[in-house]
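**Q** model this:
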Amino acid sequence: MKKDILSKKEQLFLYLVGTFHSSARIALGKTENPMTKSTDINIEQATFYVDLLDLIQEKTKENLSDYEEQMLINTISELKLDLINEKNSEYKNGQSKAEKPNEKD
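**A** Now for the predicted structure:
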């Protein structure tokens, strides 16, 4: 879904969503942190940004253009999938580390 001309309010809204999106990606280690030049993972911080976007979605329900709504839905969906994948990865890595001592016995 592409829209050629956005109103100023739409541009500002998408900038706001984009800011939280970028911050969540940095917290998930998907994007390099421009301040530290590193890709550290902070699940708690990433969850906070996803929660903020969920709140925006809830509070703006039926008050967004179709384009804004779809962009918000897509952003939240992408971040939630990334968050789930990262949590699963942490679980598997933690589990495999815990299993290694048992394998030697």
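
**Q** what is the rounded mean pLDDT of the helix or strand harbouring Val17?
**A** If you go by DSSP states H and E, Val17 is part of helix 8-27. Across helix 8-27, pLDDT averages out at 96.

**Q** gap between it and the chain center?
**A** 11 Å (CA atoms, centre = their mean, to the nearest Å).

**Q** packing partners for that helix?
**A** Judged by 3 or more CB pairs under 8 Å, 6 or more residues apart in numbering; DSSP states H and E, the packing partners of helix 8-27 are helix 43-59, helix 66-104. All C-beta atoms are positioned from the backbone trio N, CA, C, and that covers glycine.

**Q** Show me what the shortest one packs onto, helices and strands only.
**A** Going back to what we said before, that points to helix 43-59. helix 8-27, helix 66-104.

**Q** Would you single out the least confident of the helices and strands packed on helix 8-27?
**A** helix 66-104 (a mean of 80).

**Q** for that one, packing partners?
**A** Partner elements for helix 66-104 (3+ CB pairs under 8 Å, 6+ apart): helix 8-27, helix 43-59.

**Q** Sort out which residues of that helix are buried, please.
**A** Within helix 66-104, the residues scored as buried using 16 or more other CB atoms under 10 Å are 68-69, 71-72, 75-76, 79, 82-83, 86.

**Q** Kindly report the same for stretch 13-22.
**A** 13-14, 17, 20-21.

**Q** which one of the residues you listed is nearest Lys37?
**A** Distances from Lys37 to these, taken as CB to CB, are shortest for His21 (20.1 Å).

**Q** ok, that closest one - contacts?
**A** 49, 53, 75, 78-79 (CB atoms under 8 Å, 6 or more residues apart in numbering).

**Q** go again using 6 Å as the cut-off
**A** Thr75 (CB atoms under 6 Å, 6 or more residues apart in numbering).
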